[in-house]
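J.: Sequence and predicted model, in that order:
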Amino acid sequence: MFPVMSSALTHIDPFTFTSLRYLIAAVVSLVLLRVTEGPDALRLKGEQIALAWFLGSIGFAGFGFLVFLGQQLGGRDGALTTSIMAATQPLLGVLIISITRRVLPPIPTLLLVLLSFCGVALVITKGDIGGLLREPQNYSANGLIVLGMILWLIYTFGAARFVHWSALKYTTMTMVLGLSTIIAINAILVLTDTIVLPGTADALFILPHLLYMSLISSVVGVLCWNLGNRILTPLNGVLFMDVVPITAFTVSAMTGVLPTRVQIIGACITGGALILNNLYLRRRS
């Protein structure tokens, strides 16, 4: 997803792309839900519509807008940086659960969270920590990405509030309801001339990216994500976000953007902290 977006973001803004992406994905998901679960699955009478809209808004609008805007600001290395940020989701999840339950995480977990962010710092600065002070744009780009990741975690954990919905229904309904927020924000940005709609040449260029992001990443990817988390529980499911840097590094290298040795070391530090924390929590419980 992130390497694909690196190319697309050179021809279109993340807001319009996100609108088109989820417009296509929502239509396909609705058809799948209607075919597999029948017309009753489309009825929301008596359901928590407001909560589903909120989770869909922060999950799809929040994640799609903030993460890809941050990636765009990150420039050529945006995909690599964003993928490492994604790998911090398991440890961010531990912090979110601790906050919602009002219980401090154990000291080893806090230390491993700190270690994971040290690995992230190595990746985004390529070992030049002082570069954060010389390039303030890094703060805004990376801050947007982290905030988007946190919103996606809240969306993931929010699925537990819809135990009577299948993974397909949760994916579809939250996506459709969240699409209203996506389109409204995008329309405001266009009407205020904050962003400019892409021309014909740009629209044709991003068509393959749009099809991949809509059908594979949004429909298949999000459905599998929600289904897997329902089986494993979110705290275990988000562990698989640690695979993201591996795929992003590999695909980026194939397109000519090679990670440095320091970036690879940083990714290993983040992944190691993740694994150690998971082992610790399992032994502790």
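T.: Received the coordinates, thanks.
J.: Please pull out the lowest mean pLDDT helix or strand from this protein.
T.: For the chain, counting by mean pLDDT, DSSP states H and E, helix 131-134 ranks last in confidence among helices and strands (a mean of 55).
J.: How many neighbouring residues does Thr233 have?
T.: Residue crowding around Thr233 was assessed by other Cβ atoms under 10 Å; the count is 12. Bear in mind the C-beta positions are built from the backbone N, C-alpha and C, glycine included.
J.: Ramachandran angles for it?
T.: phi 80, psi 140 (degrees, to the nearest 10).
J.: quick one: it and Thr172, what's the gap?
T.: From Thr233 across to Thr172, the span is 22 Å (Cβ to Cβ, to the nearest Å).
J.: got the buried residues for the helix or strand following the least confident helix or strand of the chain?
T.: Per DSSP states H and E, the first helix or strand lying C-terminal to helix 131-134 is helix 137-158. Buried residues in helix 137-158, counting neighbours by 16 or more other Cβ atoms under 10 Å, are found at 138, 141-142, 144-146, 148-158.
J.: what sits against Gly93?
T.: By Cβ atoms under 8 Å, 6 or more residues apart in numbering, the contact list for Gly93 reads 153, 156-157, 234-235, 238.
J.: Quick one: distance of the helix or strand containing Thr81 to the chain centre.
T.: Per DSSP H and E: Thr81 is located in helix 78-87. Distance, stretch centre to chain centre, for helix 78-87: 10 Å (Cα atoms, centre = their mean, to the nearest Å).
J.: now that helix against helix 137-158, angle please.
T.: Taking axes from the mean of the first three to the mean of the last three Cα atoms, to 10 degrees, one finds that helix 78-87 is oriented at 40 degrees with respect to helix 137-158.
J.: Show the average pLDDT along whichever helix or strand comes after helix 78-87.
T.: Using DSSP H and E, the next helix or strand after helix 78-87 towards the C-terminus is helix 89-101. Averaging pLDDT along helix 89-101 gives 77.
J.: what does the next helix or strand after helix 89-101 rub up against?
T.: Using DSSP H and E, the helix or strand that directly follows helix 89-101 along the chain is helix 107-125. Contacts to helix 107-125, defined as Cβ under 8 Å, 6+ apart, come from residues 80-81, 84-85, 87-88, 91, 94-95, 104-105, 129, 131-132, 138, 142, 259, 262-263, 265-274, 276-277, 280-281.
J.: the inter-axis angle of helix 107-125 versus helix 89-101?
T.: Comparing the axes of helix 107-125 and helix 89-101 via the same axes, to 10 degrees yields an angle of 130 degrees.
J.: centre of the chain versus helix 107-125, how much separation?
T.: 19 Å.
J.: Going by neighbour count, which residues in that helix are buried?
T.: Neighbour counts over helix 107-125 (16+ other Cβ under 10 Å) mark 109-110, 112-113, 115-117, 119-125 as buried.
J.: about what we covered before: using pLDDT, spot the least trustworthy of the contacts of Gly93.
T.: Leu235 (68).
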